[in-house]
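Chemist: The amino acid sequence is not available; the structure is as follows:
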């Protein structure tokens with residue numbers, strides 16, 4: 001079909017013709033927005049374990065907070081996809097979602113105990129769930145199918161740039177603030193939390209001004225449960241495998257806490273928190289560097305086989321963490337190897353779960369399908385983060401991370417069956 005005929009066909013459906021270049025204004029704008037958004041909330045992620053430590057809150061509570069927050073985000077993704085499909089106001093919902101992140105930061109900065117910490121994390125993650133599937137649907141419809149891997153790889157790389165710069169600056173500020181006079185040990189942590197609000201506000205402005213939504217057609221007749229039943233059977237099997245993997249796919253806040261605990265005996269809590277924060281920055285650097293190459297590889301050989309390899313690296317991350325506790329490893333270099341593997345598997349997972357989804361469903365069902373994917377992932381993280389945190393506290397971290405590895409391996413085998 002000629003280019004003019006493609007444009008006419010797109011116009012007849014109420015869509016703009018997709019540009020030939022994958023790196024267009026919408027993809028670049030969404031990437032910049034994600035970088036700023038991650039700058040905001042990933043700063044909290046990297047210092048939250050240390051913040052909880054000085055407040056005297058145990059690992060089980062951190063696991064529950066992260067699990068509940070992830071669950072809220074996941075179920076919100078499903079609802080936001082449905083609402084956007086029914087009403088057609090995707091961009092507005094994304095802007096609101098980004099605006100909730102700095103609001104959650106305010107609540108966390110004011111917290112003196114776990115209730116306000118939970119409230120702040122839930123507000124931030126509600127915003128994350130609101131914006132995620134709609135932003136991905138907008139990006140998907142702004143590019144050609146054969147360039148999805150590169151576009152999402154670029155987007156996830158930009159997303160992780162913020163996750164590198166934010167924690168890096170946060171750790172540096174935490175070290176500087178430690179030398180000041182504070183009325184309580186939590187003072188340096190609170191200062192960093194307050195400063196992290198600014199990039200969150202800039203993220204709202206960036207998406208509002210740069211991103212163009214190529215689809216505005218509402219579907220008032222869309223029925224929630226009927227739409228779910230209408231999803232392709234192969235995609236449903238894929239969701240089942242992703243969900244099984246997700247039950248073991250614990251929040252990496254627990255990975256930071258693991259490094260903090262392992263290093264505390266030799267460094268002290270604050271310095272161990274800084275070192276663990278640097279390890280998380282290292283994980284994010286690996287993710288930034290690998291996201292685009294992973295996307296290019298997926299465009300050439302297919303997204304599913306690359307995703308399977310990434311899932312296998314996730315299993316290895318859990319096994320290595322359990323081994324670190326079993327052998328009592330206190331070496332920064334050895335712990336950096338764990339975060340290296342974690343960065344590789346996150347680069348694959350975050351770039352390709354969405355591209356696999358986009359290849360299995362129609363464009364009309366993109367928002368709902370991305371919402372379903374996010375819901376399954378978040379439900380799994382609710383179980384995994386809570387389970388690992390509780391088992392860590394009542395039994396041992398070796399048992400918690402070991403069980404996570406088993407569940408992630410089962411999910412990996414499930415995705416392999418979907419491929420066949």
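Modeler: Cool, the structure landed. Just so it is clear, the model here is predicted, and its values are computed rather than measured.
Chemist: So residue 178 sits against residue 270, correct?
Modeler: Yes - using C-beta atoms under 8 Å, residue 178 is in contact with residue 270, at 6.0 Å. Glycine gets a C-beta too; all of them are placed from N, C-alpha and C.
Chemist: okay, those two: which has more neighbours?
Modeler: residue 270 (19 against 15; other C-beta atoms under 10 Å).
Chemist: Next, find the distance separating that one from residue 187.
Modeler: Distance, residue 270 to residue 187, using C-beta to C-beta, to the nearest Å: 11 Å.
Chemist: Residue 51 too?
Modeler: 11 Å.
Chemist: of the two, who's got more company?
Modeler: Set side by side, residue 51 and residue 187 show more neighbours around residue 51, with 24 against 14, by other C-beta under 10 Å.
Chemist: Any regions of the stretch 51-200 of the chain where pLDDT drops low?
Modeler: Scanning the stretch 51-200 of the chain for pLDDT under 70 picks out 59, 81, 84-88, 179, 181, 183.
Chemist: 90 instead, please
Modeler: Counting by pLDDT under 90, the stretch 51-200 of the chain contains low-confidence residues at 51-94, 101-102, 104-106, 108-118, 120-122, 124-200.
Chemist: give me phi/psi at residue 212?
Modeler: With angles defined as degrees, to the nearest 10, residue 212 sits at phi -110, psi 130.
Chemist: Which secondary structure elements does the helix or strand hosting residue 260 sit against?
Modeler: For residue 260, the enclosing helix or strand under DSSP states H and E is helix 252-267. In terms of contacts (3 or more C-beta pairs under 8 Å, 6 or more residues apart in numbering; DSSP states H and E), helix 252-267 is packed against helix 25-55, helix 59-87, helix 269-301, helix 303-326, helix 332-360, helix 366-394, helix 397-419.
Chemist: Can you list the buried residues in the second one?
Modeler: Neighbour-count burial for helix 59-87, counted by 16 or more other C-beta atoms under 10 Å, picks out 59-78, 80-86.
Chemist: same thing with the third one?
Modeler: Along helix 269-301, the positions that meet the burial threshold by neighbour count (16+ other C-beta under 10 Å) are 269-292, 294-295, 297-299.
Chemist: name the helices or strands packed onto it?
Modeler: Looks like helix 269-301 contacts helix 25-55, helix 148-178, helix 252-267, helix 303-326, helix 332-360 (3+ C-beta pairs under 8 Å, 6+ apart).
Chemist: What of the first one?
Modeler: For helix 25-55, the contact count by 3+ C-beta pairs under 8 Å, 6+ apart identifies helix 59-87, helix 90-110, helix 114-141, helix 148-178, helix 187-195, helix 197-210, helix 252-267, helix 269-301 as packing neighbours.
Chemist: List the buried residues for it?
Modeler: Buried residues in helix 25-55 (16+ other C-beta under 10 Å): 26-27, 29-55.
Chemist: What does the pLDDT read for the closest residue to residue 326 other than its chain neighbours?
Modeler: The shortest distance from residue 326 to any residue other than its chain neighbours is 5.0 Å, reached at residue 398 (C-beta to C-beta, 6 or more residues apart in numbering). Looking at residue 398, its pLDDT stands at 94.
Chemist: Can you give me the pLDDT of the spatially closest residue to residue 290 that is not a sequence neighbour?
Modeler: Spatial nearest neighbour of residue 290, chain neighbours left out: residue 347 (4.0 Å); criterion: C-beta to C-beta, 6+ apart. Per-residue confidence at residue 347 stands at 91 (pLDDT).
Chemist: Report how many residues lie close to residue 347.
Modeler: Residue crowding around residue 347 was assessed by other C-beta under 10 Å; the count is 28.
Chemist: Contacts only, for it.
Modeler: Shown in contact with residue 347 (C-beta atoms under 8 Å, 6 or more residues apart in numbering): 156, 160, 286-287, 290-291, 294, 310.
Chemist: let's go with 6 Å and repeat that
Modeler: Listed by C-beta atoms under 6 Å, 6 or more residues apart in numbering, the contact set of residue 347 reads 287, 290-291, 294.
Chemist: And these, which is closest to residue 334?
Modeler: Residue 334 has its nearest neighbour among the contacts of residue 347 in residue 287, at 19.9 Å by C-beta to C-beta.
Chemist: Check whether that closest one really touches residue 346, as I assumed.
Modeler: Yes - in this structure residue 287 lies within contact range of residue 346 using C-beta atoms under 6 Å: 5.0 Å.
Chemist: circling back: give me the residues contacting the helix holding residue 260.
Modeler: So helix 252-267 is contacted by 45, 49, 59, 66, 272-273, 275-276, 279-280, 321, 330, 335, 388 (C-beta under 6 Å, 6+ apart).
Chemist: From the chain's centroid, how far away is that helix?
Modeler: The chain centre lies 21 Å from the centre of helix 252-267; the measure is C-alpha atoms, centre = their mean, to the nearest Å.
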